[in-house]
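Peer 1: Provide a 3D model corresponding to the input given below.
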Amino acid sequence: MATQKNESFPLEKTRNIGIMAHIDAGKTTLTERVLFYTGRLHRMGEVHDGAATMDFMEQEKERGITITSAATTCYWDDHRVNIIDTPGHVDFTVEVERSLRVLDGAIALFCAVGGVEPQSETVWRQAEKYDVPRIGFVNKMDRTGADFENVLEMMEDRLSANPVPVQYPIGSGDMFRGIIDLIEGKAVIYDDESQGMQWDVVDIPDDLKSEAEHWRINLLESVAEYDDELLMKYLDEDQEVEPDELDAVIRKATLNRDMTPMFCGSALQNTGVQRVLDGVTNYLPSPNDVPAITGHHPQDKEEEITRRSKEDEPFSAVAFKITTDPYVGKLTFVRVYSGTLESGSRVYSPTRDEDERIGRMMFMHADSREDVDMIRAGDIAAVVGPKNLKTGDTICDADDPVVLESMDFPEPVIRIAVEPKTKADRDKLTNGLTKLAEEDPTFNVRTDEETGQTIIAGMGELHLEIIIDRLKQEFKVEANVGQPQVAYREALTETINEHYVLKKQTGGRGQFAEVYMDVGPIPEEEEEEAGLVFKNEIKGGVIPKEFIPSVERGIESALEDGPLAGYPIEGVWVRLYDGDHHEVDSDQNAFEIAGRLGFREAARHANPVLMEPVMEVEVITPDDYMGDIIGDLNGRRGQIGQMGQRNDAQVINAKVPLSEMFGYSTDLRSLSQGRAIYTMQFGSYEPVPDEIASDIMDEQTMGAAA
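Peer 2: Numbers count the residues shown, from 1 in each chain. So this is what the prediction gives:
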């Protein structure tokens, strides 16, 4: 394949965006229309036919859902738009997290019937975390029960958002036929026969004029808050606010995340998509509009470094996705934040403290590739060559090193045992699992030391089902798979003072390390932290500073094996405040062992408890089945929360332990004659009731003995 020159494209006309939503809101369908209308595709594929361009994996085609985020580039109105289509299913939330980390803006998609659903809240929070400006698109206005205004209310209530319509639908359900453009003050009626390529711009129909006037005033009043000049013009009845003036202030408010401009339409019926593209170019940020990214020096976390989105800055980029391509091998997706990079160059990975060589570089269009000779600030591209990069790692110019903000990923909540069917499958299984774990930070692989079994862990039953399917299809592995099990955790509930001395003398050089530390749960004021919070308060060099990281490493290794049943320990706070060393017998290894054994001793006495993942469950059901469903959730140790009505259905929110939710989809179908649906996502880890905890520990002990 010939390598193309990547000509410099004006950054102010570049948009790096994602499409984010709850499952089945229409993200992939919208992307398919965008690619068609921008000329990237010459015919539209449909998700339900397994023919959508961005759903190129076999598992995606079979199930009609997006599993992995896919990148593409298209052009609209002299702008280059880099798009990442993300999954909506909660099991693949990592794909949304890492995409939003590197994107400048997003289209938040909502179903006109379902409104703000649980996963909508999750992806909205992720966008807030990374300060990503959004425009909103209320899709499926052609469906029975579609309610544009209800979606706006739900966004205010559930997301604390400020949705401001720049459009209003003409009709809904079967009567939906176009939109009112509140900025231009015109109606847009689409031609059903033209695949959305033709429409008529007409005066607003008489029966909609009062409604349109109401929403036009709402738009003007909302926007005028953000610009004094516009406010004065709005208050002066003799002056007309021009569309360009409105657009400029809407853009300013959107970039500041003060408002979310709202669009509406039906992607499946080819209605309103071009207007959303106009919204992307008009309101969402270019790389120039985003504040300079900040990082720190590899050797000094206190030394803040900024990188502006310019080609003449030192090169820096973040690897946000690793994948295995059957034709070119390991692909690393990167977002370039500053500078330029040519193929064949060497870059520095400060997070790994090693150099990596960049071979081929390419722009991706779903699963097809376009080789380029250079990538620049603002580009999203895939590179071939790096061997050891992981998701979230920085690559940069070795002469100007910087570590950019990494990413945090949720811990797996469900696990199963897998074993190869034959000896020939053993190496293939190991190779396949290693590659899949490189791709997916929420997928873990480990070997159970007691049983020798390979244990894989993920975010849900569907997540692990896809992993097993990929092992069979991509890596040709035949494996025996156990029953899904809950990934329990352990936690400490008391703070213990521990004094531990490691002293071994074997004739030659011995081992000596002494540590004093407080060990317990993370204090309330630091609860946003997870895993291990390690405080080094050593003074006077009683433990040399080069040995302190060894103590921390020892504690980290001990966290993997809790005192109750061998489950990992969550949420630990350790203060190392005193100790001693020996000039000859102390080394890094001795202090690592002291950290590990000292922590284990403390953990046994810190009143450990077993913790289980508790899921946030939302059930939508007709009235007739409310009582039976609530009774069933109570029987699953569920705590019923908020209940309400959505259109003509009842909505039940509950918190239910994951261990009680296996097979729930089948049971719910039976309870409701197939008419109720549910969604579930991880909520938090909570203590297991004593009687259930003792049963779990007995089972674990018996399993280990067997």
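Peer 1: tally of neighbours for the residue nearest to Arg675 when sequence neighbours are not counted?
Peer 2: Of all residues not flanking Arg675 in the chain, Pro622 sits nearest, at 5.4 Å (CB to CB, 6 or more residues apart in numbering). No exception for glycine: its C-beta is placed from N, CA and C like everyone else's. The local packing of Pro622 (other CB atoms under 10 Å) involves 13 other residues.
Peer 1: for the stretch 501-650 of the chain, what are the low-confidence residue spans?
Peer 2: Filtered on pLDDT under 70, the stretch 501-650 of the chain yields the residue ranges 506-508, 526-530.
Peer 1: same thing with the stretch 1-150 of the chain?
Peer 2: With pLDDT under 70 as the threshold, the stretch 1-150 of the chain has low-confidence stretches at 1-8, 41-70, 87-93.
Peer 1: all helices for it, in order.
Peer 2: If DSSP state H, counting those that start in this stretch is used as the criterion, the helices of the stretch 1-150 of the chain fall at 27-37, 58-63, 93-102, 118-129, 148-159.
Peer 1: tell me which strands and helices the first one is in contact with?
Peer 2: Of the remaining helices and strands, those touching helix 27-37 by 3 or more CB pairs under 8 Å, 6 or more residues apart in numbering; DSSP states H and E are strand 14-20, strand 70-76, strand 79-85, strand 105-111, strand 134-139, helix 273-283.
Peer 1: for the ones you listed, which one sits closest to Arg307?
Peer 2: With CB to CB, the closest approach to Arg307 among the helices and strands packed on helix 27-37 belongs to strand 14-20: 15.5 Å.
Peer 1: can I get the CA coordinates of the closest one in PDB?
Peer 2: In PDB, the C-alpha atoms belonging to strand 14-20 read as follows (Å, rounded to 0.1, in the frame of the first residue of the first chain):
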ATOM      1  CA  THR A  14     -10.300  20.000  12.900                       C
ATOM      2  CA  ARG A  15     -12.800  18.300  15.200                       C
ATOM      3  CA  ASN A  16     -11.900  15.200  17.300                       C
ATOM      4  CA  ILE A  17     -15.300  13.900  18.500                       C
ATOM      5  CA  GLY A  18     -16.900  10.800  20.000                       C
ATOM      6  CA  ILE A  19     -20.500   9.600  19.900                       C
ATOM      7  CA  MET A  20     -21.700   8.400  23.300                       C
END
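Peer 1: Buried residues of that strand, list them for me.
Peer 2: The neighbour-count check on strand 14-20 (16 or more other CB atoms under 10 Å) flags 14-20 as buried.
Peer 1: mind putting these in CSV, distance to Ile548 included?
Peer 2: Output for the buried residues of strand 14-20, formatted as CSV (distance: CB to CB, whole Å):
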residue, distance to Ile548
Thr14, 45
Arg15, 46
Asn16, 40
Ile17, 44
Gly18, 40
Ile19, 46
Met20, 41
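Peer 1: Looking at those residues, which is nearest Leu152?
Peer 2: Lowest distance from Leu152 to the buried residues of strand 14-20 (CB to CB) belongs to Met20, with 17.9 Å.
Peer 1: Please name the residues that touch Ser665.
Peer 2: Shown in contact with Ser665 (CB atoms under 8 Å, 6 or more residues apart in numbering): Tyr678.
Peer 1: part of a helix, is it?
Peer 2: Yes. Secondary structure assignment (DSSP: H, G, I helix; E, B strand; the rest coil) places Ser665 inside a helix.
Peer 1: And it, how far from Asp200?
Peer 2: Using CB to CB, to the nearest Å, we find Ser665 at a distance of 45 Å from Asp200.
Peer 1: Same check on Val102?
Peer 2: Distance, Val102 to Asp200, by CB to CB: 40 Å.
Peer 1: ok, those two, which is more surrounded?
Peer 2: Neighbours per residue (other CB under 10 Å) separate Val102 from Asp200, with Val102 holding more: 24 against 11.
Peer 1: Verify the stated contact: that one with Phe320.
Peer 2: Yes. Applying CB atoms under 8 Å, one finds Val102 in contact with Phe320, separated by 4.7 Å.
Peer 1: and for these two, which residues touch both?
Peer 2: By CB under 8 Å, 6+ apart, Val102 and Phe320 have these common neighbours: Arg335.
Peer 1: Identify the residues contacting the residue most central in space within the chain.
Peer 2: Centrality entry for the chain: nearest residue to the mean C-alpha point is Glu97, 2.1 Å, by CA atoms, centre = their mean. Shown in contact with Glu97 (CB under 8 Å, 6+ apart): 126, 407, 409.
Peer 1: all helices of the stretch 501-650 of the chain, in order?
Peer 2: Listed in chain order, the helices found in the stretch 501-650 of the chain under DSSP H, counting those that start in this stretch are 548-558, 588-605, 626-635.
Peer 1: in the second one, what's buried?
Peer 2: For helix 588-605, burial by neighbour count (16+ other CB under 10 Å) applies to 588, 590-603.
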